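Student: what follows is a predicted protein model with its sequence.
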Amino acid sequence: MDHQIRNQELLHIRTETGVSYGGVQNWYSTWRKRVSGCGPVTAANLLWYLAASRPAECAALFEGDGQEAVHMLRLMEEVWRYVTPGPGGLYKAEKLARGILRYGREHSVQLRSRILNIPAKRKERPPREKLFMFLQSALEDDLPVAFLNLDNGAVPHLESWHWVTLTALDKDLKALLYDQTGQRSADLGEWLAATKKGGGFVAVEPSRSV
């Protein structure tokens, strides 16, 4: 991949049976969380990565070792209180971002978000060049990206109405995604053209204004 976060291994979580690529919503303690927890899990991935990769600024976001499943689950449970899916799930990028920023404030870390929405109406969508530049900029700044896919169109290996964590990208908009114990690739250029409902992308970083 041409562009990627610098320490992907921070999201390689040790479990009793091997390695998970990011947190897993099936680890949650209740049925509701297991069914609708992809957004909070993705938020926990982003927060753990900030805490581990930027300890001078972000260590207070999480004091455990997110590379251990039991610790990551503790973070996931806490993040749920801030990034809480409603009856229809968590289907807006802004809501995920607001929850992450509130979590940061209440843990004494000022964060700010970068958001790129992909509207359902094709004529309102950004061109693929804008999507590439958004993702390239985040990854080059060592920020994993939360990706909301409301409809996968004709793209295989994507689950509709679902959040995943994007960690790498090539020049043709092929992305590496961490999702539910595994990693997979997806053509985001094809997704951008084919999705019927759109979605969005969120990155978070320490606020340099404080």
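Tutor: Great, that's in hand.
Student: list the contacts for Leu101?
Tutor: Taking CB atoms under 8 Å, 6 or more residues apart in numbering, we find Leu101 in contact with Leu111, Arg112, Ser113, Val204. Using the backbone N, CA and C atoms, a C-beta is placed for each residue, glycine as well.
Student: tell me what the third one is bridged to.
Tutor: In other words, Ser113. Note on Ser113: beta-bridge partners by DSSP bridges are Val204.
Student: next, count neighbours for it.
Tutor: 19 (other CB atoms under 10 Å).
Student: can you pick the most crowded of the contacts of Leu101?
Tutor: In terms of neighbours by other CB under 10 Å, the contacts of Leu101 top out with Val204 at 27 neighbours.
Student: need the contact list for that one.
Tutor: Counting by CB under 8 Å, 6+ apart, Val204 touches Leu46, Leu47, Leu50, Ala97, Ile100, Leu101, Gly104, Leu111, Arg112, Ser113, Arg114, Leu143.
Student: buried sites along stretch 67-84?
Tutor: 67, 69, 71-77, 79-80, 82-83 (16 or more other CB atoms under 10 Å).
Student: likewise stretch 109-125?
Tutor: Under the neighbour-count criterion of 16+ other CB under 10 Å, stretch 109-125 has Val109, Leu111, Ser113, Arg114, Ile115, Leu116, Asn117, Ile118, Arg125 buried.
Student: what do you get for stretch 12-20?
Tutor: Ile13, Ser20.
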